[in-house]
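Peer 1: Need a 3D model of the sequence below.
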Amino acid sequence: MPVEHLNITLPMDLKEALDKEVRREHTKRSTLIQKAVVLYLRVAGKTSLKELLRESYIEMAAEAKAVTRAFQTLDREALKYVD
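Peer 2: The predicted model follows:
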């Protein structure tokens, strides 16, 4: 896979925490940062998907209520013929 080199700026405390985790995992900074970015993108994608689903469910609920109201009269009429 092709790679591209990036220069990033981190606050000193974040850089120190990164270096501590790099030593703990016996890995490289770039590897850990790549993992972090992948994880972040997965979470961000799920969050936006959840939001889209939530909005869709709300919209569908409103439509379902409208359909229910539209058929209430017919339902009452039909129930007259049920034992």
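
Peer 1: which SSE is Arg69 in?
Peer 2: helix 29-79 (DSSP states H and E).

Peer 1: same deal with Arg23?
Peer 2: helix 12-25.

Peer 1: Can you spell out which helices and strands pack onto that helix?
Peer 2: Contacts defined by 3 or more CB pairs under 8 Å, 6 or more residues apart in numbering; DSSP states H and E place helix 12-25 against helix 29-79. Placement of C-beta: from N, CA and C, glycine included.

Peer 1: Which strands or helices does the helix it packs on pack on?
Peer 2: Using 3+ CB pairs under 8 Å, 6+ apart, helix 29-79 sits against helix 12-25.

Peer 1: chain center to the helix it packs on, what's the gap?
Peer 2: 28 Å (CA atoms, centre = their mean, to the nearest Å).

Peer 1: what residues does that helix touch?
Peer 2: Contacts to helix 12-25, defined as CB atoms under 8 Å, 6 or more residues apart in numbering, come from residues 10, 28-29, 32-33.

Peer 1: Tabulate the residues you listed (TSV), appending distance to Glu55 and pLDDT.
Peer 2: Below are the contacts of helix 12-25 laid out as TSV (distance: CB to CB, whole Å; pLDDT from 0 to 100):
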residue	distance to Glu55	pLDDT
Leu10	35	96
Lys28	41	96
Arg29	39	96
Leu32	35	96
Ile33	33	96
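
Peer 1: Narrow those to those that are buried.
Peer 2: Leu32 (16 or more other CB atoms under 10 Å).

Peer 1: of all the contacts of helix 12-25, which two lie farthest apart?
Peer 2: Spanning the widest gap among the contacts of helix 12-25 are Leu10 and Lys28, at 15.2 Å by CB to CB.

Peer 1: Give me the number of neighbouring residues for Pro11.
Peer 2: As a burial measure, Pro11 scores 8 neighbours (other CB atoms under 10 Å).

Peer 1: In contact with it, which residues?
Peer 2: Counting by CB under 8 Å, 6+ apart, Pro11 has no contacts.
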